[in-house]
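Enquirer: This is a predicted model, with the sequence first.
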Amino acid sequence: MVCELCEREVERLTVHHLIPRERDGLHGPRAGLCAACHRQIHVLFDNSRLERELNCLERLRDTPEMRRFLSWVRKQDPHRRVKVRSSRR
């Protein structure tokens, strides 16, 4: 399986609701993401910003924080757990 954000080949994908579930996004658009990308999204962005501004993969991918993370995570072994940290603000 391939993560729709970092494009790494991984064993398992998680479901990311592009419009957060708590914002009525339960039946909305979804993306299959590796656990590292999914965790990093929720570390960096709150649900209101995800709903308002970052509700598609292209917009998520284009944020400076995610561009940095994606550049790094693509070099990591997809079979090992990747630690995620919040950005320095």
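Expert: Looks like it came in fine.

Enquirer: And the residue nearest to residue 39 when sequence neighbours are not counted, how far from residue 41?
Expert: Once flanking residues are discounted, residue 39 sits nearest to residue 84: 4.7 Å by C-beta to C-beta, 6 or more residues apart in numbering. For glycine as for every other residue, the C-beta is placed from the backbone atoms N, C-alpha and C. Between residue 84 and residue 41 the computed distance is 9 Å (C-beta to C-beta, to the nearest Å).

Enquirer: how many other residues sit next to the residue nearest to residue 39?
Expert: Counted with other C-beta atoms under 10 Å, residues neighbouring residue 84 total 17.

Enquirer: From what I see, it and residue 36 are in contact.
Expert: Yes - between residue 84 and residue 36 there is a contact under C-beta atoms under 8 Å: 6.2 Å.

Enquirer: among the helices and strands of the chain, which one scores worst on average pLDDT?
Expert: Sorting the helices and strands of the chain by mean pLDDT, DSSP states H and E puts helix 47-52 at the bottom, at a mean of 91.

Enquirer: which residues of the protein fall in helices?
Expert: 35-44, 47-52, 57-62, 64-73 (DSSP state H).

Enquirer: Quickly, which of these bottoms out on average pLDDT?
Expert: For those, mean pLDDT drops lowest on helix 47-52, to a mean of 91.

Enquirer: quick one: pLDDT of the nearest residue to residue 36 once chain neighbours are set aside?
Expert: Spatially, and ignoring its direct neighbours in sequence, residue 36 is nearest to residue 82 (4.0 Å; C-beta to C-beta, 6+ apart). Predicted confidence (pLDDT) for residue 82: 85.
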